[in-house]
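Peer 1: Pasted the sequence and its predicted model underneath.
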Amino acid sequence: MTRDEIVAIMLAGMAQHGVRTDIMEHLTLGNPDWGTPPKGIYAALAALEARGMVVVPVEPTEAMKAAGWIDKEDVNPADIYCAMLAARPEQE
C-alpha cells in the first residue's frame, strides 16, 4: 500500500466519522478536492517514522512470515519482530 493510499483511507475515515470539512481542510492544509496534497497527514506519518513507528498490515504478508521464520534454537523474539518489520510492504 502506498503512502497516498494510506492518506486516502485516513481522509475517508475522517469523513465517515463526521469530521467537519473545515477541520479536514485544516488538517490537510488544503482541500483534497482541489488537488492539494494532504500535507498535514503526510507530516504526521513522517513524524511517526522519525520516532521509530511504522504502518504495517494487521495480517503479515507472506514475505513478512518468511522473514520471521528463523531456524535456530535460541531465538530472540526481537530478532523475529525486526526481521518481519524489515520485510513489510514499502510505502512509496
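Peer 2: Alright, I've got the coordinates.

Peer 1: So which residue of this protein lies furthest out from the middle?
Peer 2: Glu73 (32.8 Å; C-alpha atoms, centre = their mean).

Peer 1: Apart from its neighbours in sequence, what residue is nearest the residue nearest the centre of the chain?
Peer 2: Central residue of the chain (C-alpha atoms, centre = their mean): Val55, 3.0 Å from the mean position. Nearest non-adjacent residue to Val55, counting by C-beta to C-beta, 6 or more residues apart in numbering: Ile6, 6.0 Å away. To be clear about C-beta, it is placed using only N, CA and C from the backbone, and glycine gets the same treatment.

Peer 1: how many neighbours does the one you found have?
Peer 2: The local packing of Ile6 (other C-beta atoms under 10 Å) involves 15 other residues.

Peer 1: For it, give me the backbone phi and psi.
Peer 2: Reported as degrees, to the nearest 10, the phi and psi values for Ile6 are phi -60, psi -40.

Peer 1: And it, what's its pLDDT?
Peer 2: Ile6 is assigned 81 on the pLDDT scale.

Peer 1: correct me, but it touches Leu45?
Peer 2: Yes. Contact status for Ile6 versus Leu45: in contact at 7.0 Å, counting by C-beta atoms under 8 Å.

Peer 1: From Gly52, how far out is the residue nearest to Val55?
Peer 2: Going from Ile6 to Gly52 by C-beta to C-beta, to the nearest Å gives 18 Å.

Peer 1: got it, and Val19?
Peer 2: Applying C-beta to C-beta, the value for Val19 to Gly52 is 28 Å.

Peer 1: More neighbours: which of those two?
Peer 2: Neighbour count, other C-beta under 10 Å: between Val19 and Gly52, Val19 has more, with 13 against 6.

Peer 1: what ranges of the chain fall below the confidence cut-off?
Peer 2: Confidence mapping of the chain against pLDDT under 70 gives the ranges 21-38, 91-92.

Peer 1: at 90 what do you get?
Peer 2: Residues of the chain meeting the criterion pLDDT under 90: 1-49, 52-58, 61, 67-92.

Peer 1: And the helices in it, which stretches?
Peer 2: Taking DSSP state H, the helices of the chain run over residues 3-16, 21-28, 39-50, 62-68, 77-86.
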